[in-house]
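Here is the input, now give the coordinates:
(3 chains)
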Amino acid sequence: MTSHVTPDSALRGVGGDGDQNGPRHSPHTAAATSSPPATDATALAATPASATAAASNSAQKFAQKSARGSASGPAKTRRPRIRYNRTESRWGYAFVAPALILFAIMGVYTIGYGLALSFARWNGFSPNWEWVGFQNFTDLLFGSKTYAPRVQAAALNTLWVCIAVPVLTIAVSFPLAIILNSAKRFQGILRSVYFVPYVTTGIAVYLAWQYILEPNGAINGLLRVLGLGSLTQPQGFLGNPDTALPTLIIVLVWSAVPVAMLLYLTGLQSLDTSVFEAATLDGAGWWRTNTSIVWPLLRATTGIVFLLNLRDALQGFQIFLIMTNGGPGNHTNVLGLETYRLAFLSELSPTLGLASALGWMLFLAALAIALINQRLEKRAQ
Amino acid sequence: MKRHRSLTRTAALATTLTLGLALTACASSGDNAGGGDGKSLTLWTFKQTHATALEKTAEDFKAKTGITVKVQAITPDDAFVTKTQAAAKTGDFPDLLEVHSRGEDFTFGAAGLLENLADKITPEWDKNYLESVRNEGTVTAADFKSSQETGSKIAGVEEGQRLSVPLTIGTFGIVYANKERLAAAGITEAPKTWEEFIAALDAVKKTNPDNGGVTIGLKSPSTGLEWLMQPMGFGQLGKGPFEALFTDDKSKNWSSENGTKVLSEYNKITPYWMPGSQTLDIDQADLSFAQGKSSFLVGGTFTLSFLNQNGFDTENLMTFPVPPPADGAVKDLALAPFSLTGLSLSSTSKNKDAALKFMEFVSEPDNAKKFSTNALDLAPVDLGADPSTEVGPVLGAMMAAFGEAGPNTYNPGNTSYRPNQYDPGDVGALLMNMTPLAQTDPAQTGSKMAELIDSYWVTQKG
Amino acid sequence: MVDLAPAPSARKAPASSPYTPKPWYTRLFNLSGKTVVGLVLGLYAVVSLYPFAYMVSAAFKTTEEVNAGNNLIPANPTLDTLIDTWNRLHFFDYFLNSLWVTGATTLGVIVIYSCAAYAFSVLRFRGKTLLFRLFLVLLFVPGVVTLLPVVMLENEMGILGTHLGLILPFINGSAPLAILLLTNAFNAVPGDLREAARVDGAGELRIFSRIYLPLARPALITIALLTAIPTWNEYQLTRVSLNDPTRYTLPIALQSLQQGDTVQYNTLMAAALIVVIPIIILFFSLQRYFVNGLVGAVKG
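Residues are numbered from 1 along each chain as shown, chains lettered A, B, ... in the order given. Below you'll find the predicted structure:
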């Protein structure tokens, strides 16, 4: 068997131009480019080594069985010049062409427009924009006493959401996927059941949540029945400023688990069952098999789940808009909602540019977090 | 060679898939306005309850003129904003729009999207409107001045432009109470002072501990501020000092003694909220009252139609304006009706004559009364000496609370004393921290509100 | 290391030597382990379904009952709400619109981005990393600021208000996730297979369609679901761009139910249920394809 049990980290889905798929590229290609042996060795080493280095000993053992050559450090630092096979290059461009063309049509203009807007003052209706340079950004960060304090308060709430939602989602969905994957009976039906929250996303299901969380709602009722009356919320779980945000985080996790679980299940499906068999032969227990073998092997999936949840935590607003509108008293205002409010719920004030500026700052924040995360992951290896 | 051919084919196929699809549908477009044949109009409204009533008016209009008016309700507010923004950019504005008076009409008008109606309205047509609201929708000298300040929502309007005509009038600050429950608690007369109101809340809460509270849709925090606290505060301080609360003068604004006085008075309502009011939007709050989960509801004239639609027996209603404190500056507080919504005509409409005909048709007294009855909302026309016979007893009784403009009349529609970028939602959220959330005391709340309002003035004054 | 396993699952039975006599409590532990697994699975099933159960429950209540309280089991279950809502929703008028928009979007995403992912995962060409990162970064582009320009762009292109005007931005919007997921899936395909196929004289198209696509089936199904479901439920761009009622999709039809009088909670829930049922059927019918494509292909 070759290195298929070692998917790259999500962010490094492709490595350097063409050099990441050493084990995959054909002898034909290698011959055609007549790359020096050293180059090839580097390329070969990159994939298995990077994916497994962080894994615990036993995981490494499995992975390295398949790795050709050992992961030697120094070669990595020197980036060899790559020669491209002309035919393969053409195929490459042909395969990405549809995606690129569509992006050129739909994406370039809209993104450029949105970016330009962040330097303007505009209410969305008047024929002309008033250019204000970086003022939108500085106003949001510190310049304006109207917006800066709101943005800061919302940023703090967003920070909690950004930490809690990805972590909790992964903490719930990974074990759930593992258990579900090994369940013999009811697997299909349970998979569907667990997926229901994602299917029903939309206004209706959040209204249902509101009913459950209100003062006379089911959760308070349940707590009373269980004799935990002291935990009930007389104002409802969304009415108490101290419980509103944690409650929303739980609802967010509830909505995020289905996709994360599905992605983990997909990942588990692509693992070779020999991994499990070998682990079993090795005498590794259930717990160790999953924490030290399966978890590292699904690192790429975890990366995707993290990215998706990070995006939703930073930019999502729908659940907040429907369930609390940032309330009570702005205690659950988050930056995604603030962006939406500035854009479309600002009583027609010329704040569309501010919304855009905030949106792009979130874009940069997400990018920064993703990059830092990638660095940390690399260092951990 | 063979490989090259199939390569080219793939690229061609892929390109066709994306581009070809795009080209096939180029023929059709999302043209929204009627074809300009003068036979068909489109009208957008942001209010569900008005849509049905407008449709009925449209039927009558069609019977008389043969012109079809398609009424489309676009809710919620963010949808209305995005939809109109998109339509403005693509030249797809509907012929007619229902707008908030001195809201969308001025903003759209400032962007050149609306027709100036000043010379389109004949004197006979104009006479249909109540005199007190006849000028609503017209840009005044003061409006024009404010439009030239930084950050104005209406930069671009011109003095004297008439951008909308009134469609509904009304006012905020009306308390709806459950008559039976009040009677059971020994209250048969509408409270005349804030103290009596608090006493009534207390009495009903004693007899109905579970559902005796007062509610308002605090998920939109501006409601508590504008519908309840402001009318009370106006009565307590009187017009001049009340309006000074919104200035950046530290000796007179919310952080001053006057501010604390008003907020402390308002804070007395804290024990009487229906639990969870802070999580309800306006409709949900109204619904909770209609379902008997609360015994008091604060709203506006427009609230009545909702209660009626949701099965609340209007016979069981006691309505009264939010009362002033006994020692307040204004003893006989009255609420001024103002134009809540209006009709505007798009400047890109291809059917302007037909649209103007419809606008006039809606304002004709008979049609206006019919609209009023269908929408259970007040039309801006003179309903005569006894409005009850025209629009029913409850709506009629409510009109009794209306006062003529004067020092003792609170007009919620007058916002000229506030800074341009003033956002009642944000100010209201700070007020909510005091009541119902009980996180800040009146003095702290006042200084927070003053701080925010100051920041609007800083922007405005540059 | 102490084995903290709550439950060695059935498939991966504990591997300790069969000859060692097991302590008496092993059986008990195994049993309770299974019970724990069962409990966890069951509990999360309840958590998943609970709000949904409220939707279903409300759809079977009369307006009076839904207004009176929020008990889970309807006292007098009625089909009237569902039937009435069904009639007012004109389901079939909008179903085909929704089906076309969702189907075309999903197909487009699968075709366009599996091609791109194949290139990113397998082929070598100049600028690959840059392009891949470009698509990845698009994941974070703020949606709020692109709504208006999309509408303006489509107006210029003449496709505003058409279904194509929805499909194209939906496909483009799915690019980052689809590329990320599919590239990741293709990376897991053994490189040996491609080499073997090349030795046999297979071209890229053949390798892509005969080896990579079948092997990535679970990922393809996943991306189909992750595209189809949000597209089916989408209302923001749809609401802004569609003006012609004959082109409405189901979520917009659901919203226009409110036209006239205020919409009741039970009607809303019934409508939401009707709208969501096709998706649930889709999910159930895709279930059986959601198996390990790798194992089947390699061994078969």
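
So what's the residue count around residue B:230?
The number of residues packed near residue B:230 is 22, by other Cβ atoms under 10 Å in any protein chain shown. For the C-beta atoms, the positions are set from N, CA and C on the backbone; glycine is no exception.

Tell me how far it lies from chain C.
The spacing between residue B:230 and chain C, counted by Cβ to the nearest Cβ, to the nearest Å, is 27 Å.

swap in residue B:332?
Taking Cβ to the nearest Cβ as the criterion, residue B:332 is separated from chain C by 35 Å.

Spit out the contact partners of residue 206.
This is for chain A. For residue A:206, the contacting residues are A:251, A:318, A:319, A:322, A:323, taking Cβ atoms under 8 Å, 6 or more residues apart in numbering or on different chains as the criterion.

oops, I was thinking of chain C
If you count contacts by Cβ under 8 Å, 6+ apart, then residue C:206 has residue C:197 around it.

does it sit in a helix, a strand or a coil?
What DSSP: H, G, I helix; E, B strand; the rest coil gives for residue C:206 is helix.

returning to what we had before: please tabulate the contacts of residue A:206 in JSON lines and include pLDDT and secondary structure as additional columns.
Supplementary listing: the contacts of residue A:206 in JSON lines, determined by pLDDT from 0 to 100; DSSP: H, G, I helix; E, B strand; the rest coil:
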{"residue": "A:251", "pLDDT": "95", "secondary structure": "helix"}
{"residue": "A:318", "pLDDT": "90", "secondary structure": "helix"}
{"residue": "A:319", "pLDDT": "92", "secondary structure": "helix"}
{"residue": "A:322", "pLDDT": "89", "secondary structure": "helix"}
{"residue": "A:323", "pLDDT": "91", "secondary structure": "helix"}
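
Just the closest of the residues you listed to chain B, please.
Of all the contacts of residue A:206, chain B sits closest to residue A:323, with 8.2 Å by Cβ to the nearest Cβ.

Could you pull out the strands in chain B for me?
Along chain B, counting by DSSP state E, strands occupy B:40-45, B:68-73, B:96-100, B:165-170, B:172-178, B:214-215, B:296-300, B:317-321, B:334-335, B:338-345, B:409-410.

Report whether the third one contacts chain A.
No: judged by Cβ under 8 Å from any Cβ of the partner chain, strand B:96-100 and chain A are separated, with a smallest distance of 9.2 Å.

Could you spell out the sheet neighbours of that strand, each with its direction?
On the basis of DSSP bridges, the sheet neighbours of strand B:96-100 come out as strand B:40-45 (parallel), strand B:338-345 (antiparallel).

go on, the second one?
For strand B:68-73, the paired strands and their directions (DSSP bridges) are strand B:40-45 (parallel).

and the strand it pairs with, what's its mean pLDDT?
Model confidence over strand B:40-45, given as mean pLDDT, is 94.

burial measure for whichever residue of the stretch 101-250 of chain C sits closest to chain B, as a count.
Scanning the stretch 101-250 of chain C for the residue nearest chain B gives residue C:161, at 2.2 Å (criterion: Cβ to the nearest Cβ). Counted with other Cβ under 10 Å, the neighbours of residue C:161 add up to 24.

One more: the one 5 residues further on?
With neighbours defined by other Cβ under 10 Å, the count for residue C:166 comes to 28.

so how far is the host helix or strand of it from its chain's centroid?
Element membership of residue C:166, judged by DSSP states H and E, is helix C:164-173. Between the centre of helix C:164-173 and the centre of its chain there are 17 Å (Cα atoms, centre = their mean, to the nearest Å).

name the helices or strands packed onto it?
Under the contact definition 3 or more Cβ pairs under 8 Å, 6 or more residues apart in numbering or on different chains; DSSP states H and E, helix C:164-173 sits against helix A:86-102, helix B:21-24, helix C:91-121, helix C:147-157, helix C:236-241.

Show me which positions of the longest one end up buried.
Applying a neighbour-count criterion of 16 or more other Cβ atoms under 10 Å in any protein chain shown, the buried positions in helix C:91-121 are C:91, C:94-95, C:97-98, C:101-102, C:104-121.

which ones among those residues come in contact with chain B?
Those of the buried residues of helix C:91-121 which are also neighbours of chain B are C:108, C:111, C:112, C:115, as judged by Cβ under 8 Å from any Cβ.

any idea how far the residue nearest to residue C:202 when sequence neighbours are not counted is from residue C:194?
Excluding its sequence neighbours, the residue lying closest to residue C:202 (Cβ to Cβ, 6 or more residues apart in numbering or on different chains) is residue C:210, at 7.3 Å. Per Cβ to Cβ, to the nearest Å, residue C:210 is found 11 Å from residue C:194.

Cool, thanks, talk later.
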